[in-house]
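Peer 1: this is a predicted model, with the sequence first.
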Amino acid sequence: MELHWVRFERGGEIGFGTLERSRVRPWYGDMFAHPRRGDVTVALDEVRLLTPVQPSKVIALWNNFKALGDKLNLPVPAEPLYLVKTPNSYLAPGGTIRHPGGPGKVVFEGELGIVIGRTCKQVSEADAPAHVLGYTCANDVTVADILARDASFTQWVRAKGFDTFCPFGPSVATGLDPAKLVVRTLLDGQVRQEYPISDMRFSVAQLVSLISQDMTLLPGDVILCGTSVGVGSMKSGSLVEVEIAGVGRLSNRFE
């Protein structure tokens with residue numbers, strides 16, 4: 001069943017529900033465990049959208065797309081290569097990505113996010129899809145200059161972990177075949193990235209299964225699938241939008 005789950009703030013209270021065109025239908029209980037559908041809807045402009053889930057962790061992939069790996073002449077990884085983005089970096093749709101200061105070049109990376117729906121520990125590839133709630137849009141923001149600043153240690157977490165550096169949303173879309181999805185990233189209305197999820201080195205099921213061998217994935221956790229060609233820098237005032245047909249459009253301004 002295709003649904004678009006959101007979290008929102010309205011009148012000082014936080015709730016969750018589903019998008020129905022220009023309206024939101026509140027649901028009640030636990031989003032991940034038999035939620036109860038509400039009887040009324042409210043206008044979308046009457047609520048403030050939050051991140052659609054509250055992850056305990058966001059895992060971000062490196063070198064997971066063939067096109068980018070080939071362009072950078074990277075070896076094919078034998079297993080998923082990933083880092084963790086910290087909770088201080090999470091940013092809601094419409095929120096402002098903030099430059100952390102200094103001369104560093106800040107880049108956008110439009111990505112598909114896998115949202116975990118059931119506790120997931122050492123699951124098989126065949127069982128992995130049953131542990132996925134759905135998919136969301138994400139921007140894996142990075143200070144590119146920091147990554148290789150110290151020759152002895154690549155600073156992945158620091159470069160990608162600044163406040164506001166992990167926008168995702170606006171919703172979690174269910175009932176989709178991820179292999180048919182295409183990620184588009186627009187900078188000030190101009191398409192900078194457009195690539196198919198089918199180009200991933202590790203599929204959604206493989207990512208969920210293999211990462212769950214390392215760590216328990218909890219409901220609401222997000223796996224960012226990695227990015228492909230077209231990553232670029234942002235200037236103050238830039239509007240960055242990550243759009244995936246069937247999932248939604250994530251919009252954030254950079255200052």
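Peer 2: Right, received. Where do you want to start? Numbers count the residues shown, from 1 in each chain.
Peer 1: T227 contacts Q193, correct?
Peer 2: Yes: the criterion here is Cβ atoms under 8 Å, and T227 meets it with Q193 at 7.2 Å. The C-beta positions use only the backbone N, C-alpha and C, and glycine is treated the same way.
Peer 1: overlap in contacts, those two.
Peer 2: G110, V183 (Cβ atoms under 8 Å, 6 or more residues apart in numbering).
Peer 1: parallel or antiparallel, list what pairs with the helix or strand where V183 lies.
Peer 2: In this assignment (DSSP states H and E), V183 forms part of strand 182-187. Taking DSSP bridges as the criterion, strand 182-187 forms sheet pairs with strand 190-196 (antiparallel), strand 239-244 (antiparallel).
Peer 1: still on that earlier bit, who has more neighbours, T227 and Q193?
Peer 2: Set side by side, T227 and Q193 show more neighbours around T227, with 28 against 23, by other Cβ atoms under 10 Å.
Peer 1: excluding sequence neighbours, find me the nearest residue to the more buried one.
Peer 2: Among residues not flanking T227 along the chain, E109 sits closest, at 4.0 Å (Cβ to Cβ, 6 or more residues apart in numbering).
Peer 1: what are the boundaries of the helices in this protein?
Peer 2: For the chain, helices defined by DSSP state H occupy the ranges 66-71, 144-147, 156-160, 204-214.
Peer 1: of those helices, which is nearest L239?
Peer 2: helix 144-147 (19.7 Å; Cβ to Cβ).
Peer 1: list the buried residues of the closest one.
Peer 2: I146 (16 or more other Cβ atoms under 10 Å).
Peer 1: elements contacting that helix?
Peer 2: helix 156-160 (3 or more Cβ pairs under 8 Å, 6 or more residues apart in numbering; DSSP states H and E).
Peer 1: and the contacts of the helix it packs on?
Peer 2: The contact list for helix 156-160, computed with Cβ under 8 Å, 6+ apart, reads 60, 62, 83-86, 89, 140-144, 146-147, 166.
Peer 1: pick the one among those closest to D70.
Peer 2: Nearest member of these to D70, counting by Cβ to Cβ, is W62, at 14.7 Å.
Peer 1: just the pLDDT for the closest residue to that closest one other than its chain neighbours.
Peer 2: Spatial nearest neighbour of W62, chain neighbours left out: L81 (4.5 Å); criterion: Cβ to Cβ, 6+ apart. pLDDT recorded at L81 is 98.
Peer 1: and L81, how far from N88?
Peer 2: 23 Å (Cβ to Cβ, to the nearest Å).
Peer 1: you'd agree the residue nearest to T227 is up against V141?
Peer 2: Yes: applying Cβ under 8 Å, one finds E109 in contact with V141, separated by 7.1 Å.
Peer 1: so between those two, which is more surrounded?
Peer 2: For E109 and V141, the more surrounded residue by other Cβ under 10 Å is V141, and the numbers stand at 27 against 23.
Peer 1: I figured the more buried one hits H99, correct?
Peer 2: No: counting by Cβ under 8 Å, V141 does not reach H99; the two are 9.9 Å apart.
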